[in-house]
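Chemist: how does the following fold in three dimensions:
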Amino acid sequence: MDTLTTPAVESLYDDLFMNGGFTITARPDGSAYVPNDGYAVSLTPTQHTISAAAPFDAFEDLVRSVTARYGAANGLGGWLSNGVIYVDPVEILPDQQAAILAGKGREQLAIFDLAAGTEITL
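Modeler: Residues are numbered from 1 along each chain as shown. Alright, predicted model coming up:
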């Protein structure tokens, strides 16, 4: 995933607290694009988290760390749950069955349907 600009990371931070989460892909210029179809599946069973009370700088560091570590990811997903911010590298897959199989293979609890805006529990 390409390096995100600071304004793009700020927008993700806002989306967490206003909408509960985000799923994006990055453009070569560092701006973020919000896909509106397909299924987001985390690339790893490992959770990348910080406290929701952490300052923006900590969130920015987490986003940059995850995107640097998983550069081959075609997306980034984040959500807020019970006072914890989660940020994961994601793969956006067009086919639901392929996404479900990938999610199960990666030990995920759920995948995210981008068109419907809902989780699919696995």
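Chemist: taking the centroid of the protein, which residue is nearest it?
Modeler: Gly77 (0.7 Å; CA atoms, centre = their mean).
Chemist: so what pairs up with that residue in the strands?
Modeler: Gly77 forms beta bridges with Thr23, Asp88, as assigned by DSSP bridges.
Chemist: surely it is in contact with Ser42?
Modeler: Yes: using CB atoms under 8 Å, Gly77 is in contact with Ser42, at 6.9 Å. Backbone N, C-alpha and C define where each C-beta goes, glycine included.
Chemist: okay, and the common contacts of the two?
Modeler: Common contacts of Gly77 and Ser42 (CB atoms under 8 Å, 6 or more residues apart in numbering): Asp88, Val90.
Chemist: pull out the buried residues from stretch 96-112.
Modeler: By neighbour count with 16 or more other CB atoms under 10 Å, stretch 96-112 contains the buried residues Ala99, Ile100, Ala102, Gly103, Arg106, Gln108, Ile111, Phe112.
Chemist: also stretch 43-56?
Modeler: For stretch 43-56, by 16+ other CB under 10 Å, it's Leu43, Thr44, His48.
Chemist: what ranges do the strands span in the chain?
Modeler: Applying DSSP state E to the chain gives strands spanning 21-26, 32-33, 39-42, 49-51, 75-81, 84-93, 110-113, 118-121.
Chemist: of all those, which one is nearest Val66?
Modeler: Closest approach to Val66 among these (CB to CB): strand 84-93, 5.2 Å.
Chemist: what angle separates the closest one from strand 75-81?
Modeler: Inter-element angle recorded for strand 84-93 and strand 75-81: 150 degrees (by axes from the mean of the first three to the mean of the last three CA atoms, to 10 degrees).
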